[in-house]
Every structure is written in C-alpha cells, then in structure tokens.
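**Q** Sequence plus the predicted model coming up.
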Amino acid sequence: MLTRQRKQLILEKLSSEGQVLSKTLSLEFGVSEDTIRRDLRELAADGRLQRVHGGALPASQAVSSFAERSSLGIEAKKRVAKRGAELISPGQVVIIDGGTTTTELVRCLPGDLAFTAVTHSPGIALALVDYPQVDVILIGGRLFRHSVVTVGAAAIEGIAQIHADLFFMGVTGIHPDAGLTTGDYEEACIKRAFSGRAAETVVLASPEKINTASSFMIGELSLINTVVVEPDTDSRWVEAVSRQGISVVTA
C-alpha cells in the first residue's frame, strides 16, 4: 500500500470512529508503529489531525484566524447562540468568553434583558454597548491578537474578583476523551479561571468543534455543565457526553 493511500485510510477511519490508535493501525496495515507515527506526524503538520498519546484525534478547524472563523459554519453558530441566549435570566452575572460563536450570542440577546456581563473580549464589550440594560465589566490584560481577548496575570487577577451565575466558554474542540481544548496555552488558563468563578459553565458547540481536539487542554468535560448543539449532532457523541453528566441541549 502506498503511503498516500494509507494516510487517506487513516483519515477516513478517524472521521468514522473519532480517534485512531497507533498500535491498532500498525496491525491493520501490517507496518511498524514507527511508520504509523511518521504518517500521523505528517498529517498533523498538514493540519489534518491532532496527535495525542498513543494515536490521534480529529483536528479542530476552529483554530484559524478570527476573521476566517467568523465565516465558518455561521448558520449553525447562530442557531446554538440563539438557544444559548435563552439560558440567561434577568439579574444574573454572566461571563461571556471571546469568540465568533459568543459574538453571535450577543446579537441574539433580547433588547430589554437586564444582567451584568463580564468579558475579556473588547469586541464583545463593544457589541454590548447597544444593550442599555446590560452592565458591562471588561477584564483587562495583555491583548492576544489571534482571538482578540485579554490574557496574562492582570486578567487572572481581575477574574478572581468575580462570582458569576453563568460562563459561556469558547472552545475549539470538545471530545468525550480529550475533553475541552483550545489553540493557545494562555487562553486555556484564562478559560479555566473563568469556569472556576461561575456556578455553571456552558459551551456553545457548533459542528466544527464536536469530536475534535486542539493542542492545549482547558479541562475534562466535568468542567462544564451544559453543551448546546445542533439537532443532528452524532447520537454516539451525545451519548458519550451525557454519560459524563453533561446536559446536552439542542438548538
């Protein structure tokens, strides 16, 4: 079998099963594990998968630039964002993470909904200016341009002063085994800190994030309480997530 053919079969298996193991692939293709690991390294370098210990997971497509992500799966993002907005009650303190899906969340808010929004995204804060009933707290820090959010020690210090009702966490991947992941180490730290200051954490999971993984782990799925998904989300994924005590809400 040619290397190109083997790689294609690896990607097909990854797509259908959600993960691949180096040892299993080695036996299946009759080649050494070193050969399989080389295949996985090359596929990872091309952005086709995310290597993990012992194998690989589907790579999230949600790690591209903010501008590119803004047009990725926009209709699905709007649907899960609309459902997510319905989870906010008047008078709550709500942390809104940066990201393209949470940007859609703000656009779905009722004009008369009164609550306090906490965010480290200048873009989210600016979008909330159009909602006179929403008090906005903007967390400061060093601007991370890729995601247009603040990070660093100053942001962590500001987060520590908050007791919130809800946190809408942005992720680039949500996988039953790999947990919650994102494309930047400092962002992962900020997301964990926010989650630790909220009574409930919600993920708005548009399709490109489901069953995929990125380089940096935010935490296990137990870090969140609710995930909002499209109605046609893979039932096997929904069952795997539900078994871990996560409430799965359809848009």
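**A** Good, I have the coordinates. Note that the coordinates shown come from a computational prediction; the quantities given were computed from them, not determined experimentally.

**Q** Every contact and neighbour count from this point should use C-alpha atoms.
**A** Will do.

**Q** Which parts of the stretch 101-250 of the chain are strands?
**A** For the stretch 101-250 of the chain, the strands defined by DSSP state E, counting those that start in this stretch cover 115-119, 134-138, 142-144, 149-151, 164-169, 173-175, 179-182, 198-204, 216-219, 226-229, 247-250.

**Q** Go through the ones you listed and pick out the most buried.
**A** Among these, strand 173-175 has the highest mean neighbour count (mean count of other CA atoms under 10 Å), at a mean of 27.

**Q** Which strands and helices lie in contact with it?
**A** strand 179-182 (3 or more CA pairs under 8 Å, 6 or more residues apart in numbering; DSSP states H and E).

**Q** on that earlier part again, of all the strands of the stretch 101-250 of the chain, which one is nearest residue 56?
**A** Ranking the strands of the stretch 101-250 of the chain by proximity to residue 56 (CA to CA) places strand 173-175 first, at 12.1 Å.

**Q** pLDDT below threshold where in the chain?
**A** Within the chain, the stretches with pLDDT under 70 are 62-73.

**Q** Tell me if residue 14 really is in a helix.
**A** Yes. Residue 14 forms part of a helix when assessed by DSSP: H, G, I helix; E, B strand; the rest coil.

**Q** That one contacts residue 59, doesn't it?
**A** No. Under the criterion of CA atoms under 8 Å, residue 14 makes no contact with residue 59, lying 10.0 Å away.

**Q** Neighbour count: the two, which is higher?
**A** Of the pair residue 14 and residue 59, residue 59 is the one with more neighbours under other CA atoms under 10 Å, namely 24 against 18.

**Q** Write down the beta-bridge partners of that one, one by one.
**A** Counting by DSSP bridges, residue 59 forms beta bridges with residue 213.

**Q** Okay, it and residue 159: tell me how far apart.
**A** Per CA to CA, to the nearest Å, residue 59 is found 30 Å from residue 159.

**Q** same question, residue 214
**A** When CA to CA is applied, the distance between residue 214 and residue 159 equals 24 Å.
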